[in-house]
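1. just a sequence and a predicted model for now, questions to come.
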Amino acid sequence: MHIGNYFGAVKNWVALQDSHECIYGIVDLHAITMPYDPQELKANTARMAIELLACGIDPQRTILFIQSLVPEHSELCWILGCICPYGELSRMTQFKDKSEVLKGSQFVSAGLFTYPVLQAADILIYRAKYVPVGKDQEQHLELSRDIARRFNGQFKTDLFPEPAPLFTETPKIMSLVDPTKKMSKSAGDRHYIGLFEEEKSIRAKIKSAVTDSGDLPAGAEMSPGVTNLFEILAACGKTDDAAALRKDYDAGNRQYSKLKEVTANALVELTSSLRARRDELSQDAAKVTTSVREMSERARAIARETLKEVRAVTGLPERV
């Protein structure tokens, strides 16, 4: 994970544990829609479990499951795919973007096209009322709502609620090199800061982050690069520091070196504590694996009950 993932989603997931019954998934089936290495996938799945727990996901209050360990997701995906119009999938912007990237390889998987249906199954199988998502996933969530509405109407049931989005208060964290684009690992190492990155690297990246090429004209808006640094600082919880630096900025005292120093300090404080927790969990990776498998069984128990009702209303035979 990088800090954009954390501030845009995971931090919110952790906070929601205080007010909601939460079920979160490590979606390894989604990860295979693009070309991948099997051993890398396996390692990434295990690492993601440890990192999410390090961020504060609490197995005593929350279910954290691995998607492929709950095969009911795939079964529901097929059923929902049979009532999802082709035209709606063809309008998904992420498919257009990713298939464009893969066009040179001459292979674009059907899974890349249909994965929004699996995403809908991920949500609807737990009859979720809310889904904490980033703005870039809003279109896919709307598809989930449409599918729930169509399923309920076609089979004359109220089985699936229409899930509503829960957006984080933190806007998108942008690239350090090109602050007009969202932070992404695919753009290259200098564009992002890893959530568990070492201090020296963090300070170097923030120091070289794009700000302004010169003073802005009077009345002009703050540049994207400077805005991004202020957003990161505020997301780290350093609202007083951000307010003080913003006051100086508005007064014309634009000390970007100071802004970068304070932002780097805030990130180092955050990542150091998370890294310590991750390293502690990694010392007993087998225990983490057992815990996540147990939580996946808890998720599967819920999913089975949903599939039992789905099979009944759709005319599929009851399992014995």
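-> That came through, no problem. Numbers count the residues shown, from 1 in each chain.
2. list the contacts of residue 191.
-> With contacts defined as Cβ atoms under 8 Å, 6 or more residues apart in numbering, the neighbours of residue 191 are 175, 176, 177, 178, 183, 184, 185. Backbone N, C-alpha and C define where each C-beta goes, glycine included.
3. can you do 6 Å?
-> Residue 191 is in contact with 175, 177, counting by Cβ atoms under 6 Å, 6 or more residues apart in numbering.
4. same check on residue 288?
-> 49, 50, 281.
5. so which of those residues are in helices?
-> 49, 50, 281 (DSSP state H).
6. pretty sure the last one sits against residue 52.
-> When you say that, I think you mean residue 281. No: the pair residue 281 / residue 52 is not scored as a contact, 10.0 Å apart, by Cβ atoms under 6 Å.
7. the residue lying closest to residue 268 once chain neighbours are set aside: how many residues sit nearby?
-> Of all residues not flanking residue 268 in the chain, residue 199 sits nearest, at 4.8 Å (Cβ to Cβ, 6 or more residues apart in numbering). For residue 199, the count of nearby residues is 15 (other Cβ atoms under 10 Å).
8. got phi/psi on residue 199?
-> phi -60, psi -50 (degrees, to the nearest 10).
9. look at it and report its pLDDT.
-> Here, the pLDDT recorded for residue 199 equals 97.
10. against residue 275, how distant is it?
-> 9 Å (Cβ to Cβ, to the nearest Å).
11. which one of the ones in helices among the contacts of residue 288 has the most neighbours?
-> residue 49 (23 neighbours).
12. give me the nearest residue to that one, chain neighbours excluded.
-> residue 292 (4.9 Å).
13. now residue 241
-> That would be residue 262: by Cβ to Cβ, 6+ apart, it lies 5.3 Å from residue 241.
14. so what's residue 82 up against?
-> Residue 82 makes no contacts at all, as judged by Cβ under 6 Å, 6+ apart.
15. use 579 as the first number for this chain going forward.
-> Noted, 579 is the first residue going forward, which turns the last one into residue 660.
16. count of residues packed around residue 895?
-> That count, for residue 895 with other Cβ under 10 Å as the rule, works out to 7.
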